[in-house]
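# Next input, structure requested:
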Amino acid sequence: MGADLYRVENKGNKVPILGFERSQRAIDLGYFRDAYNSGSILNKYSLSWWVDIKKLQNEDGVITTENVIKFRKMLDDNRFELNIGYEDEENKKYFREGAELLKKYLDDIIKDNDSIEASL
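I've put the predicted structure just below:
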């Protein structure tokens, strides 16, 4: 289980992503996925999909552009580096790459004035 994010622009054309894929290819298709477990990128920001991001959704489960901007600003906090400080180098690399992909995903949505359909 995890958080599945789809660009609203692509809503009618959801391309199935098989398995847990966090990659540039997935972002190019308008998709981002994060786990709910210890591999969660968002958790390393001391944020929760269910507590913090759920509040940004409207009644249809959509995070509007305005709230995507708020979401993106949440990721500018320095807690991320502190929270990965005790990880081994391989895990640090995993979390940093995931964090950069999430930021890029949100930045692209903001740039295009798009929204996110979030399954949380």
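
# Would you map the helices across this protein?
In the chain, the helices defined using DSSP state H lie at 24-28, 65-74, 79-83, 89-111.

# CSV please, covering the ones you listed and showing mean neighbour count.
For the C-beta atoms, the positions are set from N, CA and C on the backbone; glycine is no exception. Shown next, in CSV, are the helices of the chain (neighbours: other C-beta atoms under 10 Å):
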stretch, mean neighbour count
helix 24-28, 14
helix 65-74, 16
helix 79-83, 14
helix 89-111, 16
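
# Quick check: which of these is nearest to Asp4?
Checking the helices of the chain against Asp4 by C-beta to C-beta gives helix 24-28 as the closest, at 10.4 Å.

# which strands and helices sit next to that closest one?
helix 89-111 (3 or more C-beta pairs under 8 Å, 6 or more residues apart in numbering; DSSP states H and E).

# the bottom helix or strand of this protein by mean pLDDT?
helix 24-28 (a mean of 85; mean pLDDT, DSSP states H and E).

# picking that back up, now distance to Ser46 too, for the helices of the chain, in JSON lines please.
JSON lines is the format used below for the helices of the chain (distance: least, C-beta to C-beta, whole Å):
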{"stretch": "helix 24-28", "distance to Ser46": "23"}
{"stretch": "helix 65-74", "distance to Ser46": "10"}
{"stretch": "helix 79-83", "distance to Ser46": "5"}
{"stretch": "helix 89-111", "distance to Ser46": "13"}
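
# Right, I'll leave it there.
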